[in-house]
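1. sharing a model that was predicted from the sequence below.
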Amino acid sequence: MNEPTYAIIPTNGRDCFRDSLNAVYDQVDHVYVVEGGPDAKLIDAGMDYERNFSIIREPELNISKWWNLGLSLISSKMQQNGVRRWNVVILNDDAIIPSGWVKAVAGRMRDMQVAAACSGNPNPIPAVHTAPGPVGLATRMQGYAFVLAGEKGVRANEQLKWYFSDDHVDWLSRQKGGMLCVPGMYVEHRFPNGQVTPEIQEQIAKDAHTFSQYWNGMRPW
């Protein structure tokens, strides 16, 4: 894997964020932390990380916007430097990737020439999806930890503010070359649905409607 590789971690300052950052920090060239939401705790930019670490602050509660801020910043930097291919790892702040995960997943993504990849496929054969539409949970994009081929230009839909953002990115990636689910390489996801407040529950219902409208009535499940 020779491509420059970056990570984006949105967080509101939960303690688990430090473990997520520690797990990815030495596997990528630079980490962009998006301090997201109106109640985000301010993160100490020092944190004993003297290199390859930046903070983006965005008060709106919108995970798609958080991802896109990092993706656009990285894309602009790569284009200015004449870089033609780069990888972007997107992680939840409660996703703890194992050692070697980035090299394994991004490397397989490049080998198979697809637009996105994740891990956790329980079968020994990689699964590649190339058309939008529902697939089994085991091989669809794991939204808490995935890699994008940055030059493909995949972006989240900022009308999807909380749920279905990863499904939208998954389906767009299929249209741009495919989404791969690599066998094994399981990621620890500590708090699935751990921040679903009444406000977010209302947003989820709106996101479900928005997703279905965009994808001609289809839903991921």
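-> Thanks, I have the structure now. Residues are numbered from 1 along each chain as shown.

2. in this protein, which residue is closest to the centre?
-> Centroid-nearest residue in the chain: residue 90, 2.8 Å away (criterion: C-alpha atoms, centre = their mean).

3. surely that one touches residue 148?
-> Yes. The criterion here is C-beta atoms under 8 Å, and residue 90 meets it with residue 148 at 6.9 Å. For every residue, glycine as well, the C-beta is placed using N, CA and C.

4. which residues touch the residue nearest to the centre of the chain?
-> By C-beta atoms under 8 Å, 6 or more residues apart in numbering, residue 90 lies in contact with 7, 8, 9, 67, 70, 145, 146, 147, 148.

5. and the next element down the chain from the helix or strand where it lies?
-> Per DSSP states H and E, residue 90 falls inside strand 87-91. The helix or strand immediately downstream of strand 87-91 is strand 95-96, counting by DSSP H and E.

6. count the neighbours of residue 10 for me.
-> Around residue 10 there are 25 other residues, counting by other C-beta atoms under 10 Å.

7. then whichever strand or helix holds it to PDB, C-alphas only?
-> Using DSSP H and E, residue 10 falls within strand 5-11. The C-alpha trace of strand 5-11 is given here as PDB (Å, rounded to 0.1, in the frame of the first residue of the first chain):
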ATOM      1  CA  THR A   5      -3.600   7.400   4.000                       C
ATOM      2  CA  TYR A   6      -5.700   9.600   6.300                       C
ATOM      3  CA  ALA A   7      -8.200   9.000   9.000                       C
ATOM      4  CA  ILE A   8     -11.400  11.000  10.000                       C
ATOM      5  CA  ILE A   9     -12.900  10.500  13.500                       C
ATOM      6  CA  PRO A  10     -15.900  12.500  14.400                       C
ATOM      7  CA  THR A  11     -16.400  12.800  18.200                       C
END
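
8. where does this structure have low pLDDT?
-> Within the chain, the ranges that satisfy pLDDT under 70 run 1, 42-51, 194-195.

9. that'll do, ta.
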